[in-house]
Each structure stands twice: as C-alpha cells, then as structure tokens.
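1. sequence first, predicted coordinates after that:
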Amino acid sequence: MSQTITIDPVTRLEGHGKITIQLNGQGEVEDAHFHVTQVRGFERFSEGRPYYEMPSLMARICGICPVSHLIASAKACEAIMSVRIPHTAAQLRRMLNLAQMVQSHALSFFHLSSPDLLLGMESDPKARNIFGVLAARPDLGRAGIGLRRFGQHIIELLANKRIHPGWVVPGGVTEPLSAAHRDEILAMLPEAYANLGLALTAYKQIAGTFKQEIEVFANFPSNYMGLINEDESIEFTDGAARLIDPQGAIIEDGITASKYTEVIGEAVEPYSYTKFAYYKPLGYPQGSYRVGPLARLNIVKSMGTPLAEKELVEFKQLAAGPVQSSFHYHHARLIEALYGIEKIEQILADPRILDKHVRAIAGVNRLEGAGQAEAPRGTLMHHYKVDENGLITWANLVIATGQNNNAMNKGVLQSAKAYVKDGKFTEGALNRVEAVIRTFDPCLSCSSHAFGQMPLVLTLVSADGEVVDQLVR
Amino acid sequence: MTTDADVKTLVIDEQEVSARAGQTILEVARENDIDIPTLCHLEGLSDVGACRLCLVEIKGSNKLLPACVATVQEGMEVSTNTDRLRKHRHAILELLFAERNHICSVCVSNGHCELQALAQEQGLTHVRLPYRNPELTVDASHERYTVDHNRCILCTRCVRVCAEIEGAHVWDVMGRGINSIVITDLNEPWGSSSCTRCGKCVQCCPTGALFDKSKVGDDHPKYPDFLPYLNLMREAQ
C-alpha cells in the first residue's frame, strides 16, 4: 500500500511550506514535493496603482529582504522613466543591498541553520534553535545576533527604518548620507569582521562532519545563474546575469533586465503556488537552474575584495567545476557576508558618497520596464507595464525561490531517499529533509518566519487516507 | 471699542473662558489650549461641519454640536471630551476606515496623514465594521499630481481651497451619500481640466488622496500653514 509522509509546516524557514514524501508499496520513497501553500496576489492587486508607488508596495512582500524588492522595483520604474540615477544614489543603494544581504545571511546561517550544524541534526528539537546555540556556543550566538544588528543598523542609518524603508524611490533615493552616519557605519566594521571570522572558522571546523549530508543535500549537476560585473566579479545591485551549465561553461551572458523577460520562462506545477523558472531555450525542466550564494560563487571569477577573494579561492577547491551540493550554500553565504562588509567599507571610502545629488526626476517615457537585483537568496526580477499616465496595467515578478524551486524539489527527493528507509522515519531523518530546504534559505511568504515555536506535525498517511503514524515536535 | 455685549463668557471643560461674539466654539477652545479633534476644518478656509469629529456637548441640550460652526453663547457650558463624544469619534473614524481602501503601510502620506494621526490619538486599535473594499480609480492624468480616491475622506478641503483661495473652483463633489466622489471640472480627467497647477489642494488634503508625483516614498509631508498667511496678506491689500 502506498503511503504519504507530510512535513507541515516546515520549520525555521521564512514563510510557510510543507513537504510530502510519497512511499510505494514496498515502503520506498517514490516521490517527494516541497509545497508553498499560500497565494499572495501582489502582481494582481498592484494593477491600477501608479508605478512610482511600486517600490514601497512591493517591499511589503517581505520583511527579511524588502530592500531587494525596493531596488528591483525602483530599477523597473527607472526603465519606465528612462533615467540613469546619480552615481552616489547608485552607490548608496548598493550599500543598502549589501547591508541587507549581510543581515539576511546572518539570519539564515545563525538563526535558522546553525542549530542543525552546531547542535546536530539529531539533537533535541526543543533546544534546536538560536537559544540552544546561545547556550552551547555563546560566542557564536552573539556573533550571529551582532551581524544581524550590523546589517539592520546600516539599513536604518541610510534609510531611516530597518524594515520597509521608503528611502529607495524611482530615480534614486530620497536623502543623501550624512557624515555622522557614515562615521557610525565605519565604527561598526571591526566588530562585524570579528563576528564573521568567528563564524567562518567555526563552519570550516564542523563542515567535515557532515560528509553524508553534503553527499545528498541537493547534490546534483545543475545550471547556475546570478548577476556579474563586466570584470567577472560578483555583483548584487547592477551588472547583468550570467547562466552557466553544470560543467561551468557559459550558456548565456549579459542577460540584462529587459532581456531577462525574453529568456526566462515560468512553469506551473499543481502542488505549489510558487512558479518554476527555467531558461527558455533549454525548455522545462531541463532549463532549470539554481540561484543564490552557491550559484553566484559558481559563476564569478573573483570577489573584488581581498579577504573574500581568498575565501573564494578556497571555496573553488571544493570541486573541479561548479560546486554542486546545496550544503555548500552555507559556506557561500558566509563568504558573501564577508564580501558585503568589505564592499561597504570600500564604498564608504569614496568621498563622493556624501554628495547631495541623489535623485533623478522624470515621468513616463516608456510603457514597459524591467529591473533586476540580487536578493540574498538569488536573482530577483520585477517587470511592469503601464498606461500613458503611469498606472500599472500588468506586473510580473520572478523571485529567487521560484528559480530554486526545481532544485529544492529534487533535493528533497534525493535526501528523502537517503534518510527514509522501509517506510519508517525518525525525527532526525525528517529534520534532514527540512534542512535541505533550509540550505536554499527560501523566502516563501517572505514576511514571516518561525524557528522552533511552530508545531511540526509529521504524518504518515496510507493510500486510503488513514493516519498510520504521527510524530509531533 | 469693545462693549459688554460683544464679550461672551462661557465654560469649556470646566475652564472659564471669554470670547468675542460670533466666534466658534472651536476657535475659542484652541485659543485656550483646549484640544478638539478635527478633520475637515482647516484654518484659512470656511467651515462646513462635514466630518463631525469636533462634536461637543452643551449642558442643557441633548443635541451634539459641531464646534467648528457652532458659535459661542453667553453662559454656555461646553464639554469636549466625554465618554459619549469619544464613542462617537471612534465610530466616525471606524466608518472612515471601513468606507474606502486606507492602507497606511503603502500610502505616500504614511506618517504625515491627519486621519492616521487622529486614529492614533483617539486610541483606535481596530475597526469593528466590515470593510467595503470599493473598487475606486486613481487619476494620474495630471502632469504633477495624482488623486487616489481610495484614500479620500470627502472632507472637501480641496473643493474649498480651490474655490475660496485659488478662485478656480476646479474641484467639486459628484454623487450623493456613499457614492460621493470629488471631481475636477465636470468629471474630466484632472490632467485635461481647467486646473491652474497651483497645488494648494494637495497641500490641504489631510490624507494621501491628493499627492505630488515627485514626492513618493516616505517624504510627503503636507504644508497647509500658508493659508492663514495668504488670507492675512490679501486682507492687508
């Protein structure tokens, strides 16, 4: 008799999702799916709204990465306005995006994943959270909280508000940076470097003990995509996207926001509200690809900052071509956070950063525009169409989680096959299946996340719907 | 010269005050630092008593009076902040929020909105009425300004400032009751109306219903303080 195991909700994620594992008559895993169970409707209800309202409207999609939505949305609006924003505004936005990346990566690594990594996949679920980490390794717990504060405080200093700031507007930003705020950010840098160094050292020490997880955590060849500069260094805010194949060869380069819409398609599966992005010339699902920290480090040739560059060289030694196991997302995340701190320091060293000219003004000059930026968890694309008065007539967003969707589903299946044996599961085994999803740091509803407090009910259901076993966390 | 008959003595919130004949209760209260909430009232414009937030109790009368238009009387005893009034003000604010689509978090006036500030001041924590969620349009046809009817509370400040101060009378109200809506000219798009582009209506709008296209994000405070000065200068001429 075939059975279904359901993990609902998946904990320590940003948003709400569930996993179902389908067993065949022999109790072997036949199929597994990761479901995103809520519909948001932002694309639909933004219709009729003025385009210049879109950044603040779209930022409300997410409480963790509102900055990415603000930037991608503002860039789409600037395509409609046909303006090039002032240099200082571009650099301030870049810094804002990096600050968000650092805090989001800190959240993903320390708050959501480090309980599994430091305390063990099989450890007591009651203590498997950030408080458990604080009890076991107070220095690391504090470092995680400190890094989040670092990123969030920079966002607040630049944009007046930690979450959903209205500072990023079509054409630039509303206010320049003051010298006092610049100095305050500079003063925070030494502690951020120290905290990140601690995390990198700790990660490298424990990574070796997760050999089996590395082997089965979405470890398969795939395509990778991310933004990149002309000099092939990592880029989060501007640049163009590059897509590489599983061997590391470039499939397509220079994918700008306007071209993005031509080459990226979105497939729909009946079991999830999140779409499945794919590269159109290769079709679906062959054209699926991964985005985010692992993908970005796989596509770039350099980081462009000295400390992160050293780490990248070490990271690239993990595999001959692109690094394929999603377990290494954790490592890539820490390297990117280090890059973020270094890059913020570089940006602040530019005297033009205090320039007062930070906004370009224009009206509707085109009826369609698209913008892209790197969110912490991958490339984000906003695409709008407007009428001649600038009211939105159509909107589409391609989010990172949609681009990783295929890989996440394949990863869940791969790990379920490794850890669910003979139709039986242990709490630790199912935690590993969830942990695969956590490596991607997906943003499901984006606005909420849970760590530990949410009840996790694992149910084994027979083909006729009867509950044969249940595990409540 | 002031005669005895010109001076009225009354009590507002147990405080004895004196006033000139013809002054409104609101004027006298504010002169004496007694706060009465208002929304449709704006210094420098005529009063219409539309929003009813300034209702006050008068001893000896069961009828509540709008302080912005009710004039002072000798010996009047006025209460501005009773349980009954607070209940009414709450209900009025709840009705305003339920009537159209007021979504502060994504509004250009978030943090600068008189309706939002008043709701906070009055301790409004939730709306007990079902939201109507009407489908209302946004008119962005004007080169500089936008009107979002979702956020309009029909205070008619725009209508009054355009007619009384600018002298253009572009704005008016169309329809009746719940179907009322502010319009430009004879319901022409704002961009092709006879608007003089002065922007006074935008500065007087208490919410984000009228806003400047170049001021989006969280940087759209309104500055209606120019009105009394403008009136003063005109009177001096």
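-> Looks like it arrived, so ask away.
2. for the rest of this, base every contact and every neighbour count on C-alpha atoms.
-> Fine.
3. give me the neighbour count for residue 54.
-> In the absence of a named chain, this looks at chain A. The number of residues packed near residue A:54 is 27, by other C-alpha atoms under 10 Å in any protein chain shown.
4. think we crossed wires, I meant chain B
-> Residues near residue B:54, counting by other C-alpha under 10 Å: 26.
5. surely it meets residue B:36?
-> Yes - using C-alpha atoms under 8 Å, residue B:54 is in contact with residue B:36, at 5.8 Å.
6. what is in contact with the two at once?
-> Counting by C-alpha atoms under 8 Å, 6 or more residues apart in numbering or on different chains, the shared contacts of residue B:54 and residue B:36 are residue B:26.
7. report the buried residues of stretch B:49-56.
-> Buried residues in stretch B:49-56, counted by 16 or more other C-alpha atoms under 10 Å in any protein chain shown: B:49, B:50, B:51, B:52, B:53, B:54, B:55, B:56.
8. show me the two of those that sit farthest apart.
-> The span of the buried residues of stretch B:49-56, defined through C-alpha to C-alpha, is set by B:50 and B:56 at 14.2 Å.
9. distance of the residue of the stretch 101-250 of chain A at minimum distance from chain B relative to residue A:67?
-> Residue of the stretch 101-250 of chain A nearest chain B, by C-alpha to the nearest C-alpha: residue A:166 (4.3 Å). Applying C-alpha to C-alpha, to the nearest Å, the value for residue A:166 to residue A:67 is 10 Å.
10. between the two, which one's more packed in?
-> More crowded of residue A:166 and residue A:67, by other C-alpha under 10 Å: residue A:67, with 34 against 25.
11. so the more buried one is in contact with residue A:97, correct?
-> Yes - between residue A:67 and residue A:97 there is a contact at 6.1 Å, judged by C-alpha under 8 Å.
12. would you mark the buried spots in stretch B:12-24?
-> Within stretch B:12-24, the residues that count as buried by 16+ other C-alpha under 10 Å are B:12, B:13, B:18, B:19, B:20, B:23, B:24.
13. now residue 98, nearest residue through space, not along the chain?
-> Just so you know, I chose chain A. residue A:340 (5.2 Å; C-alpha to C-alpha, 6 or more residues apart in numbering or on different chains).
14. nope, chain B please
-> Counting by C-alpha to C-alpha, 6+ apart, residue B:98 lies nearest to residue B:131, which is 4.3 Å off, once chain neighbours are set aside.
15. now do residue B:112
-> Residue B:112's closest residue in space is residue B:221 (C-alpha to C-alpha, 6+ apart), at 5.3 Å.
16. got the residues of the stretch 351-473 of chain A near chain B?
-> Residues of the stretch 351-473 of chain A found near chain B (C-alpha under 8 Å from any C-alpha of the partner chain) are A:361, A:389, A:390, A:391.
17. among these, name the buried ones.
-> Among those, those classed as buried by 16+ other C-alpha under 10 Å are A:389, A:390, A:391.
18. what about the helices in chain B?
-> B:25-31, B:83-99, B:114-121, B:157-160, B:200-204, B:226-236 (DSSP state H).
19. for the fourth one, the averaged confidence score.
-> In this model, helix B:157-160 has an average pLDDT of 98.
20. one step back: OK, contacts around the residue nearest to residue B:112?
-> B:109, B:112, B:113.
21. residue contacts, the closest residue to the last one other than its chain neighbours?
-> So that's residue B:113. Closest residue to residue B:113 apart from its sequence neighbours, by C-alpha to C-alpha, 6+ apart: residue B:207 at 4.9 Å. Each residue near residue B:207 by C-alpha under 8 Å, 6+ apart is listed here: B:109, B:112, B:113, B:114, B:115, B:151, B:152, B:153.
22. next, count neighbours for the fifth one.
-> When neighbours are defined as other C-alpha under 10 Å, residue B:115 has 22 of them.
23. does it touch residue B:208 like I think?
-> No - assessed by C-alpha under 8 Å, residue B:115 is found out of contact with residue B:208, at 9.6 Å.
24. give me the next element, helix or strand, following the helix or strand residue A:102 falls within.
-> Element membership for residue A:102 (DSSP states H and E) is helix A:87-106. Later in the chain than helix A:87-106, the nearest helix or strand by DSSP H and E is helix A:114-119.
25. distance from that next one to the middle of the chain?
-> Relative to its chain's centre, helix A:114-119 lies at 20 Å (C-alpha atoms, centre = their mean, to the nearest Å).
26. which elements pack onto that helix?
-> Contact partners of helix A:114-119 among helices and strands, from 3 or more C-alpha pairs under 8 Å, 6 or more residues apart in numbering or on different chains; DSSP states H and E: helix A:130-136.
27. chain center to the helix or strand following the helix it packs on: distance?
-> Using DSSP H and E, the next helix or strand after helix A:130-136 towards the C-terminus is helix A:138-159. Distance of helix A:138-159 from the chain centroid (C-alpha atoms, centre = their mean) equals 18 Å.
28. contacting residues for the residue lying closest to residue A:352 once chain neighbours are set aside?
-> Among residues not flanking residue A:352 along the chain, residue A:88 sits closest, at 6.4 Å (C-alpha to C-alpha, 6+ apart). Listed by C-alpha under 8 Å, 6+ apart, the contact set of residue A:88 reads A:352, A:353, A:354, A:355, A:357, A:358.
29. mind putting the residues of the stretch 351-473 of chain A next to chain B in a markdown table, secondary structure and distance to residue A:42 included?
-> Output for these, formatted as a markdown table (DSSP: H, G, I helix; E, B strand; the rest coil; distance: C-alpha to C-alpha, whole Å):
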| residue | secondary structure | distance to residue A:42 |
| --- | --- | --- |
| A:361 | coil | 26 |
| A:389 | coil | 21 |
| A:390 | coil | 18 |
| A:391 | strand | 15 |
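30. of these, closest to residue B:201?
-> Distances from residue B:201 to these, taken by C-alpha to C-alpha, are shortest for residue A:389, at 20.1 Å.
31. I'd say the closest one and residue A:364 touch.
-> Yes - counting by C-alpha under 8 Å, residue A:389 touches residue A:364, with 7.1 Å between them.
32. what residues sit buried inside stretch A:255-263?
-> Those would be A:255, A:256, A:257, A:258, A:260, A:261, for stretch A:255-263 by 16+ other C-alpha under 10 Å.
33. quick one: the third one and chain B, what's the gap?
-> In other words, residue A:257. Using C-alpha to the nearest C-alpha, to the nearest Å, residue A:257 is found at 23 Å from chain B.
34. quick one: residue A:180 from residue B:200, how far?
-> For residue A:180, the distance to residue B:200 (C-alpha to C-alpha) stands at 36 Å.
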